[in-house]
Each structure stands twice: as C-alpha cells, then as structure tokens.
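J.: dropping the sequence and predicted coords here.
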Amino acid sequence: MAKEAKKGKKPHKNKPTSKKYSKYKIEGDKITKGRSCPRCGPGIFLSESQERIYCGKCHYCEFMAKNKSEN
Ligand SMILES: [Zn+2]
C-alpha cells in the first residue's frame, strides 16, 4: 500500500538560530560589537547592507557612506 503525500503537513524544519554571536568580534584584547539600534538599545543589532543599516525589530533605517562627495 503506497502512502500518499500528506497534504497540509510540512516537514518540520528547525528555525535558523540568531547569529548574534557573529556580531561580536574579538580582536586581541578588545571586543568589538556590531552596530546596535539606537532605538532598541544595545543588544539589538542592525543588519548592514551596502548603503544602509536596518533594524529588523523596529524597522529603524540609517543611511551611511554619505561622505562620498564631501571633501
Ligand atoms: Zn530597533
């Protein structure tokens, strides 16, 4: 008896763990953190893209690398 694929039942997948630890870097004796959200405070890190940083929690967005033409 061939079993049919069960409808509506998806195979369980583990959620990807938060990679907060990757925001901390240890350089010698110093610990450098990634950029944290000014609204949410330290502990909430911003995801960095090419031109902006973004908080996934409060949707705070900040543009950076503005000083391209300034000189
Ligand atoms: Zn935030």
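T.: Perfect, thanks for sending it.
J.: quickly note the distance from residue 27 to the ion.
T.: Distance of residue 27 to the ion, given as Cβ to the ion, to the nearest Å: 26 Å. In this view, the C-beta of every residue, glycine as well, is placed from N, C-alpha and C.
J.: ditto for residue 26
T.: To the ion, residue 26 is 25 Å away according to Cβ to the ion.
J.: distance from the chain centre to the helix or strand that contains that residue, please.
T.: Counting by DSSP states H and E, the element that carries residue 26 is strand 24-27. In terms of Cα atoms, centre = their mean, to the nearest Å, the centre of strand 24-27 is set 17 Å apart from its chain centre.
J.: begin at 59, not 1, for the rest of this chat.
T.: Noted, 59 is the first residue going forward, which turns the last one into strand 82-85.
J.: report the buried residues of it.
T.: For strand 82-85, the neighbour count (16 or more other Cβ atoms under 10 Å) marks no residue as buried.
J.: same question for stretch 113-121.
T.: Buried residues in stretch 113-121, counting neighbours by 16+ other Cβ under 10 Å, are found at residue 113.
J.: for the very next helix or strand once past the strand holding residue 84, what is the average pLDDT?
T.: Downstream of strand 82-85, the first helix or strand assigned by DSSP H and E is strand 88-91. Mean pLDDT, strand 88-91: 81.
J.: same check on stretch 104-121?
T.: The average pLDDT within stretch 104-121 is 87.
J.: and it, does that touch the ion?
T.: Yes. Between stretch 104-121 and the ion, judged by Cβ under 5 Å from the ion, the touching residues are 113, 115, 116, 118.
J.: can you map out the strands along the protein?
T.: Assigned by DSSP state E, the strands in the chain fall at 82-85, 88-91, 94-95, 99-103, 105-106, 110-112, 119-121.
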